[in-house]
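# Would you be able to build a 3D model of this:
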Amino acid sequence: MSKADDAHRLFLKRFTCSASVFSAFSGELGLDPDTAKKIACGFGAGISKTGNICGVVSGAIMVIGLKYGKCVEGDDAATGKTRALTQAFIAEFTKKNGSINCTELLGYNLSNPEEYAQARDEEIFVTKCPAMVRDAADILETILKTGE
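Have a look, this model is predicted:
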């Protein structure tokens, strides 16, 4: 089963988009998937329905940081690599989906209760979000392979 399949399966079980992506990769990077779900939970729905960065993008950036991020003083190369891979992920995700902003991607401002209800009623979270979960995981797998 691919990471995209794992992330998609988790999203369909009603974990946030960010938690689905982050936890699908976390185990092999030394972080318990349940802990990863907790860490990433608040990033879903454009950072807790604030209309900001899409949760799948946040989840992917957390994976990149977990794998390559700076944890030793003076290791500025790790910061540089993390930033470069994050930029590559964002460029590819934007190329495929048109934006990394949740409101722009979904066409609804989730911070507005009426728009959130409309998005839910129109099944946006069922029709659009699962594909973006897959896209993020697929792009992330490629980015992680090129980063090695």
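
# what's the helix or strand for the residue positioned nearest the centre of the chain?
Most central in the chain under C-alpha atoms, centre = their mean is residue 56, positioned 2.0 Å from the mean C-alpha point. Here residue 56 sits within helix 55-68, counting by DSSP states H and E.

# Report the mean confidence score over that helix.
Average pLDDT, helix 55-68: 98.

# which helices and strands sit right next to it?
helix 17-26, helix 33-40, helix 44-49, helix 76-97, helix 129-147 (3 or more C-beta pairs under 8 Å, 6 or more residues apart in numbering; DSSP states H and E). Placement of C-beta: from N, CA and C, glycine included.

# and the last one, which residues are buried?
The reference is to helix 129-147. For helix 129-147, the neighbour count (16 or more other C-beta atoms under 10 Å) marks 129-130, 132-141, 143-144 as buried.

# roughly how far out does it sit from the chain middle?
In terms of C-alpha atoms, centre = their mean, to the nearest Å, the centre of helix 129-147 is set 9 Å apart from its chain centre.

# Show me the contact partners of it.
With contact meaning C-beta atoms under 8 Å, 6 or more residues apart in numbering, helix 129-147 is reached by 2-4, 6-8, 11-12, 17, 20-21, 24-25, 54, 56-57, 59-60, 63-64, 67-68, 81, 85, 88-89, 92-93, 96-97, 105-106.

# same question, the first one
Residues external to helix 17-26 that are found in contact with it (C-beta under 8 Å, 6+ apart): 3-4, 6-8, 10-11, 15, 32-45, 54-56, 58-60, 62-63, 66, 129, 132-133, 136-137, 140, 144.

# Run the chain-centre distance for it.
7 Å.

# which residue lies farthest from the center of this protein?
residue 74 (28.0 Å).

# Just the closest of the buried residues of helix 129-147 to residue 116, please.
Set against residue 116, the nearest of the buried residues of helix 129-147 by C-beta to C-beta is residue 129 (13.1 Å).

# Excluding sequence neighbours, find me the nearest residue to residue 64.
Nearest non-adjacent residue to residue 64, counting by C-beta to C-beta, 6 or more residues apart in numbering: residue 85, 4.9 Å away.

# wait, the one you found sits on residue 68?
Yes. Residue 85 lies in contact with residue 68 (C-beta atoms under 8 Å); the separation is 6.3 Å.

# ok, residue 2 - contacts?
137-138, 141.
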